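Engineer: What would the 3D arrangement of this be:
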Amino acid sequence: MTIKVTKRDGESGERLLKRFSGHVKGTRLIQKFRKLRYFEGKPSTRKERASAVSREKYRTANKKKMFVG
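Structural biologist: Residues are numbered from 1 along each chain as shown. So this is what the prediction gives:
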């Protein structure tokens, strides 16, 4: 994945670097590469189910927030 940042008019080098870092963090590349660093086996059925339950909990909470206003 290529991240391209061009310098804007009157933009300092530090600000350009900060913007580039923001783009890198936004694409979650660092997390992806850190995860690939070590082998992680397939999750057990129990663990998979537990994560599905927690995801569902977050989804319902977010749905409630959407309609609260």
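Engineer: Reduced to three states, what does the residue of the chain most remote from its centre come out as?
Structural biologist: Computed with C-alpha atoms, centre = their mean, the residue of the chain farthest from its C-alpha average is residue 10, at 30.4 Å. Under DSSP: H, G, I helix; E, B strand; the rest coil, the three-state class of residue 10 is coil.
Engineer: how near is it to residue 18?
Structural biologist: Distance of residue 10 to residue 18, computed by C-beta to C-beta, to the nearest Å: 15 Å. Every C-beta, even on glycine, is put in place using the N, C-alpha and C of the backbone.
Engineer: hmm, back to that, do you know how far the residue farthest from the centre of the chain is from residue 52?
Structural biologist: The spacing between residue 10 and residue 52, counted by C-beta to C-beta, is 50 Å.
Engineer: residues making contact with the helix ranked longest in the chain?
Structural biologist: The longest helix of the chain (DSSP state H) is helix 45-68. Residues outside helix 45-68 that contact it (C-beta atoms under 8 Å, 6 or more residues apart in numbering): residue 43.
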